[in-house]
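**Student:** below are the sequence and a predicted model for it; my questions follow.
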Amino acid sequence: MKLRYFAWVRERIGKAEEDIDLPENVVSVRDLLVWLKQRDDGYAQALQHPEVIRVAINQEHVDHKQPIGDAREIALFPPMTGG
Amino acid sequence: MKLRYFAWVRERIGKAEEDIDLPENVVSVRDLLVWLKQRDDGYAQALQHPEVIRVAINQEHVDHKQPIGDAREIALFPPMTGG
Amino acid sequence: MTVPVRQIEPLIRVQSDDFDLSVETARLTDGRTDIGAVVAFSGLCRDEGGSLSALELEHYPGMAEVEIARIAGQAIDRWPLQGLSVIHRYGKIKPGENIVLVVAASAHRHAAFEAASFMMDFLKTRAPFWKQEHDAEGRPQGWVEAKAEDDAAQSRWSER
Amino acid sequence: MTVPVRQIEPLIRVQSDDFDLSVETARLTDGRTDIGAVVAFSGLCRDEGGSLSALELEHYPGMAEVEIARIAGQAIDRWPLQGLSVIHRYGKIKPGENIVLVVAASAHRHAAFEAASFMMDFLKTRAPFWKQEHDAEGRPQGWVEAKAEDDAAQSRWSER
């Protein structure tokens, strides 16, 4: 599964994307955020306040309760500021 | 005093403007419409339904209760359809 | 002591010539770095399903400019605008051609949207212009009737 | 038997290049005689009183286009539009330069105004773009924070 990071989430994690195998107990988006957060200091800093992190699965916005299923691509990013 | 007519008011009266001396008993815009209406068939047709006629005194919208005072220019026209 | 608010001067033109959207927008924004939002409204002549060959717009010279300036002044009092332009054409206008342009510039988008929408609702009901339809053969027909919905659109601004 | 409604196809572009307001407006109106109203919204970079030398816009390639198309589809479902174009830029944008363009065309002005305003409110809160400020010396600074008022502006569309 590909993970993609944008804006300050990308900066704090220190990479724009990575391929990752998730452990079986990571079922929902919320589980993913909790699991990533303990990987190292960069992730911990990026995901310090998981409630503000926006998530897209296969390029579509989802909320944190969403099951990951067989997602190809999950992106984590701050609230958007385009327009 | 100059009277000016626009759109179908102008067409029905048959002229775009005229200089006119008003009788002393014509005090308000309403009086003016009543007085003009009896001048001839063209005026009668134009002012058949005086309530729909819009009036401007010195190029400013007024309602029918407005006293004419020493107006230089009074314009009569249908509801506007610009924009 | 109150600091006087520096009011912008709107550009108002009543003309038979066409206008250029980009030129008018650039006139408000060029060389400035404090404008965040520009809303440009263009009103065009429709052919009403082919039944209309032109609109002939009659106006009240003098009052047209004065009344548009009055409406523009209300918009400037009501929203924090950095620029406001209104161009209204008169004369014979064919389907697909421009009738009216309103451009409102502001730091923020809602002020620009609201001011442009307000200008249009008041131009429709207060600016002294009248449209006469010319049919498919080019013959003058009836005068366009004012719409109750335009009055309603205008009055919503005083309910707020 | 229901007659299928012919839906317009919005033009959606995510690009680093600038755009031209007149070209994009003409693209929707040229050769047509059924459009009565065009609302063009341009969003520009402000310098925030001189403290900012540029905005750097990051975006999520792929999702940006898809998400804008989703929002445009909602606008097309909601208002009777005859044309809808959205161009959103990314990369480094200097004060006074364009960031985003929305052009909505309709027979009637309120549909065009509402659709353009709706598009902007949803682009602000749903399209995957992020702005980083560069200070007067050109150094990257913080990321622009999302505003509660933008969320409020978006949610007003579901209250109707």
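**Tutor:** Yep, it's here.
**Student:** and the helices in the chain?
**Tutor:** Assuming you mean chain A. A:7-13, A:29-37, A:41-46 (DSSP state H).
**Student:** oops, I was thinking of chain C
**Tutor:** For chain C, applying DSSP H gives helices covering C:21-29, C:63-78, C:109-126, C:148-155.
**Student:** surely C:K94 touches C:A54?
**Tutor:** Yes - at 5.1 Å, C:K94 counts as touching C:A54 under the criterion of CB atoms under 8 Å. Yep, even glycine has a C-beta here, placed from its N, CA and C like the rest.
**Student:** which residues are common contacts for those two?
**Tutor:** Counting by CB atoms under 8 Å, 6 or more residues apart in numbering or on different chains, the residues touching both C:K94 and C:A54 are C:C45.
**Student:** so for those two, which sits in the more crowded spot?
**Tutor:** Using other CB atoms under 10 Å in any protein chain shown as the criterion, C:K94 and C:A54 rank with C:A54 on top: 19 against 13.
**Student:** ok and the residue in chain A nearest chain B?
**Tutor:** Nearest residue of chain A to chain B: A:G83, at 28.3 Å (CB to the nearest CB).
**Student:** over to chain C?
**Tutor:** C:F129 (2.7 Å).
**Student:** contact residues of chain C facing chain A?
**Tutor:** Nowhere does chain C come near chain A, counting by CB under 8 Å from any CB of the partner chain.
**Student:** what pLDDT does residue 11 get?
**Tutor:** If you meant another chain, say so; for now it's chain A. Per-residue pLDDT puts A:E11 at 97.
**Student:** I was after chain C.
**Tutor:** The model's pLDDT for C:L11 equals 98.
**Student:** contacting residues for the nearest residue to it once chain neighbours are set aside?
**Tutor:** Leaving aside its chain neighbours, C:L11 sits nearest to C:S85 (4.1 Å; criterion: CB to CB, 6 or more residues apart in numbering or on different chains). Listed by CB under 8 Å, 6+ apart, the contact partners of C:S85 are C:10-12, C:24, C:27-28, C:101-103.
**Student:** could you check the pLDDT of C:S85?
**Tutor:** So C:S85 comes in at 98 (pLDDT).
**Student:** any idea how far it is from chain A?
**Tutor:** According to CB to the nearest CB, to the nearest Å, C:S85 and chain A sit 24 Å apart.
**Student:** who's that residue bridged to?
**Tutor:** Beta bridges link C:S85 to C:L11, C:V103, judged by DSSP bridges.
**Student:** so for chain C, the centremost residue is which one?
**Tutor:** The structure's chain C has its C-alpha centroid closest to C:V102; by CA atoms, centre = their mean the separation is 4.4 Å.
**Student:** tell me who's in contact with the residue lying closest to C:F122 once chain neighbours are set aside.
**Tutor:** Distance criterion CB to CB, 6+ apart; nearest residue to C:F122, sequence neighbours excluded, is C:I71 at 4.3 Å. C:I71 makes contact with C:119, C:122-123, C:126-127 under the criterion CB under 8 Å, 6+ apart.
**Student:** whatever residue of chain A ends up closest to chain C: how many residues sit nearby?
**Tutor:** The nearest approach of chain A to chain C comes at A:G83, 8.1 Å away (CB to the nearest CB). Counted by other CB under 10 Å, the residues lying close to A:G83 total 23.
**Student:** correct me, but it touches D:A116?
**Tutor:** No - between A:G83 and D:A116 there is no contact under CB under 8 Å: 11.9 Å.
**Student:** show me the shaky parts of chain C.
**Tutor:** Scanning chain C for pLDDT under 70 picks out C:1-5, C:160.
**Student:** apart from its chain neighbours, what residue comes closest to the residue of chain A found nearest chain D?
**Tutor:** Shortest chain A-to-chain D distance, computed as CB to the nearest CB: residue-wise this is A:G82, at 2.7 Å. Spatial nearest neighbour of A:G82, excluding adjacent residues (CB to CB, 6+ apart): D:F129 at 2.7 Å.
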